[in-house]
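Engineer: Sequence and predicted structure are below.
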Amino acid sequence: MQSCNRCKRKFTFKQVLRSCFHGYKPIQCDRCDQIYDVTLGSRLRVSVTIAAAMFPAFYVYKGPIYGHVLIYLLILILVLPFLMRYKQRIEDGDI
Ligand SMILES: [Zn+2]
C-alpha cells in the first residue's frame with residue numbers, strides 16, 4: 001500500500017477501498033491532511049482487471065454462476081486496493 005510523501009504514513013486498506021468504490025475519491029492523509037488524487041493509470045488498471053475478471057465468468061464458464069460471482073467479487077475487492085496509485089495534490093499555497 002502506498003504511503004504519504006510528506007509524513008510517510010501508510011494509507012490503510014479501508015481508505016483505499018473506500019476511495020475506489022466512491023468513484024475514485026481523493027484520499028486525505030490522516031496525519032498531515034495532504035490530499036492525494038487517483039492517477040489515470042490506476043483507473044485503467046482497475047478497469048482492465050475488472051474486464052479481465054468478468055470475461056471468463058460470462059463467456060467461458062457455462063454452469064450456475066452465483067457462487068462464482070461472489071468469489072470473483074471477493075477476490076476483486078481484495079486485489080483492487082493494491083492496483084491503486086495516488087499522486088500528491090499540489091495546493092496553491094505549496095508553490
Ligand atoms: Zn501525511
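Structural biologist: Thanks, I have it.

Engineer: tell me the strands in the chain, going along the chain?
Structural biologist: Along the chain, counting by DSSP state E, strands occupy 27-28, 35-38, 86-88.

Engineer: so which of the ones you listed comes closest to Ser47?
Structural biologist: Ser47 sits nearest to strand 35-38 of all the strands of the chain, at 12.1 Å, using Cβ to Cβ. For every residue, glycine as well, the C-beta is placed using N, CA and C.

Engineer: Show me which positions of that closest one end up buried.
Structural biologist: Across strand 35-38, burial judged by 16 or more other Cβ atoms under 10 Å covers 36-38.

Engineer: State which helix of the protein is the longest.
Structural biologist: The helix that spans the most residues within the chain, counting by DSSP state H, is helix 66-83.

Engineer: quick one: it to chain centroid distance?
Structural biologist: 12 Å (Cα atoms, centre = their mean, to the nearest Å).

Engineer: So which bits of it are buried?
Structural biologist: 72, 76, 80-81, 83.

Engineer: repeat for stretch 6-26
Structural biologist: Under the neighbour-count criterion of 16+ other Cβ under 10 Å, stretch 6-26 has 11, 15-16, 19-20, 24 buried.

Engineer: quick one: contacts of it?
Structural biologist: 1-4, 27, 29-32, 34-38, 42-43, 46, 77, 80-81, 84, 86, 88-89 (Cβ atoms under 8 Å, 6 or more residues apart in numbering).
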